[in-house]
Structure formats: structure tokens, C-alpha cells
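In: Sequence first, predicted coordinates after that:
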Amino acid sequence: MKAIVYHYVREHNTKYPNFRYLDIGNFRKQLDFFKEEFGFLSKQDWDKFTNSGILPENPNQIILTFDDAMSCHFDYVFPELINRNLWGIFYIPTGPYQSGQILDVHKIHLLCGAFDGKELHDLLLQRINQEMIPDTRRKEFHSETYKDKEYTGVAEFKRILNYFISYKYRQNVIDNIAKTLSFEFPKNFYVKKEDLKVMADKGMVLGSHTVDHPLMSKLSKTEQAEQIKSSFQFLDEIGCTNIKTYCHPYGGFHSFDKQTIDILHLEEVVYSFNVNSRDINKNDFEQSRQYLPRYDCNEFNFGKAS
């Protein structure tokens with residue numbers, strides 16, 4: 001089984017000339033390609049595997065997953081899945097629905113989409129000091145993240161803000177950069193709360209992507225537990241949890257730790273997704289149900305971000 005992860009699926013927006021996204025036309029072409037080459041796994045067969053470890057007759061089929069609950073998922077992805085009689089798993093960071101604010105991780109994406117990477121990196125370096133960037137695990141994070149050297153300025157900007165900087169400083173630094181550039185973050189960035197319920201009622205699976213999309217391996221066990229428990233509580237309250245499933249923010253084995261997995265088991269989460277480019281196999285049911293592998297959509301035909 002091949003699980004595929006998507007983030008931004010949308011049309012071009014001239015306000016964000018550098019934005020990395022999958023064009024909706026190419027998304028449709030990729031779905032056609034998947035149908036022809038592999039087929040799509042039914043929700044029933046997926047449930048059999050995640051509940052009992054029973055492999056489908058065709059173990060090469062596709063599972064579609066979508067991270068971060070951006071409004072483009074409801075505006076573009078959801079109608080396309082409904083038109084094709086497909087289902088998908090959507091992972092929701094619940095914090096924006098309670099705070100009304102855009103998450104730091106998405107503010108970073110938006111700034112990178114609107115401005116030159118070197119300019120952003122220079123502005124960032126003017127606003128940080130060693131106290132803000134602890135040495136802990138910097139070498140590991142540097143080697144494991146943003147390996148596409150074509151986007152060096154952007155990569156360093158994102159690496160410092162997503163991995164290196166202490167969270168107590170991050171929001172203020174990002175907001176200060178945006179203010180300096182006279183940049184306003186958009187409203188209605190996420191799927192509306194009432195539309196999450198529409199998606200769930202139409203057969204989509206909604207799972208937890210934490211509250212604030214932190215790098216869980218940087219948090220204490222108590223902080224991690226709060227991120228996971230609170231996000232599921234919110235999904236329960238709005239009637240959108242038909243199965244307990246979770247997705248590790250950022251992905252990669254550096255993004256979570258043993259404490260994360262222990263909490264997921266304690267919370268009786270049925271399965272969780274990581275990012276790891278390989279098929280899901282029989283052994284994963286027993287050995288890695290809380291960090292199942294997923295391919296990025298750009299690893300297949302028509303999936304390259306613009």
C-alpha cells in the first residue's frame with residue numbers, strides 16, 4: 001500500500017510568486033495516473049488492515065492523505081474526491097480554530113511565498129542571537145532537513161525558525177519580520193470549522209495533527225501529551241473523530257521520540273503517519289503502526305510542486 005501526503009493543492013496566486021504548491025490541474029492528472037497504475041484502496045480495506053493487519057488483495061493501492069487543513073483542501077481537494085467517489089485522510093492542527101491565528105509554520109510558508117529567500121534570511125539574522133538558538137540537536141536537524149540545495153536562502157530561513165529557534169521567541173520574530181515587510185497574513189487560511197464536519201459527514205477521515213504543529217521531539221512529555229490530547233478533544237467536540245488517527249508534524253524520525261509513541265499508545269490511537277518513502281507492508285501493523293510510512297506526492301508523476 002502506498003500512502004501519499006499532500007499539503008498545498010491550489011491555483012496560482014500572484015501575491016505569492018515563490019509559493020510552493022501542487023497545481024489543481026496536476027493534482028487531477030496525478031489522480032488519473034494513480035487510478036491507471038495502482039488503483040485506490042477502499043476505506044473498508046484500509047480499516048481491515050489498521051484494525052486487524054489483514055492485507056488487501058491488491059497491496060499496491062493508493063491511500064490519499066492531506067496535512068494542515070488549509071482552505072484549499074475544502075475548496076479544491078474535497079470536491080475532486082467527491083466527484084471521483086474517493087476518500088481521504090485529513091490531518092487537522094486544531095489550534096487555529098481556538099486562537100483564530102495562523103500557525104507559525106504557515107506564516108513561514110507565506111513569507112517564503114511572497115518574498116525572496118535571501119532577503120528573509122538576512123532579516124532573520126538581524127533579529128536573532130545565540131540565546132534564541134540552543135545548540136541542542138542543531139547538527140542533527142541540519143543534516144535531516146531541507147536537503148534541496150536549490151533553495152538555500154529559504155532553506156536556512158525555514159530551518160532556523162522551524163527547528164533551531166526556541167519556541168518562546170519564534171512568534172515575535174516572525175511577526176516582526178512581517179511588520180518590517182508590511183506584509184499582512186491572510187484571513188480564512190484554514191478549512192472552516194463547520195466545513196470540517198461536512199467533510200467528515202461525506203466520508204473523509206479527520207485526524208489529529210496536534211494543536212500548534214510543533215516539533216514534538218523538542219517538547220517535554222507533558223507538553224506532547226497536551227498537544228495530542230487537546231487536539232483529539234477538539235475533534236471530538238465538533239463531531240469529527242470517527243477513528244483516532246494522528247500525523248507527526250514535520251515528519252521524519254527526528255520529529256518525534258519514544259515519548260510521543262508512548263502517548264499515542266496510551267491514548268489508544270489506531271494508527272499514525274510519518275514521512276518515509278516506502279510502501280506500507282504487513283510488518284508495519286505490528287512494528288510501526290504509530291509511524292506508518294508515506295511518500296510525498298512529488299515522488300510520482302504530476303506531483304512536483306510549482
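Out: Nice, I can see it. Residues are numbered from 1 along each chain as shown.
In: use CA for all of it now, contacts and neighbours both
Out: Will do.
In: all strands of the stretch 1-150 of the chain, in order?
Out: For the stretch 1-150 of the chain, the strands defined by DSSP state E, counting those that start in this stretch cover 2-6, 9-10, 22-23, 62-67, 89-92.
In: Looking at those strands, spot the one closest to Gln233.
Out: Of all these, strand 89-92 sits nearest to Gln233, with 12.1 Å by Cα to Cα.
In: Tell me where the protein is predicted with low confidence.
Out: By pLDDT under 70, the weakly predicted segments of the chain are 135-152.
In: Show me what the helix ranked longest in the chain is packed against.
Out: Determined from DSSP state H, the single longest helix within the chain is helix 221-237. For helix 221-237, the packing partners by 3 or more Cα pairs under 8 Å, 6 or more residues apart in numbering; DSSP states H and E come out as strand 205-208, helix 258-266.
In: Which strands or helices does the helix or strand that the last one is followed by pack on?
Out: Downstream of helix 258-266, the next assigned helix or strand under DSSP states H and E is strand 271-273. In terms of contact count using 3+ Cα pairs under 8 Å, 6+ apart, strand 271-273 is assigned the packing partners strand 245-247.
In: what's in contact with the strand it packs on?
Out: With contact meaning Cα atoms under 8 Å, 6 or more residues apart in numbering, strand 245-247 is reached by 91, 206-210, 269-274.
In: now with 10 Å?
Out: With contact meaning Cα atoms under 10 Å, 6 or more residues apart in numbering, strand 245-247 is reached by 65-68, 89-93, 205-210, 213, 228, 231-232, 264, 268-275, 290-292.
In: Kindly report the same for stretch 47-59.
Out: Contacts for stretch 47-59 (Cα under 10 Å, 6+ apart): 1-2, 38-46, 243, 270-272, 279-286, 289.
In: how about a cut-off of 6 Å?
Out: Here stretch 47-59 makes contact (Cα atoms under 6 Å, 6 or more residues apart in numbering) with 1, 45, 285.
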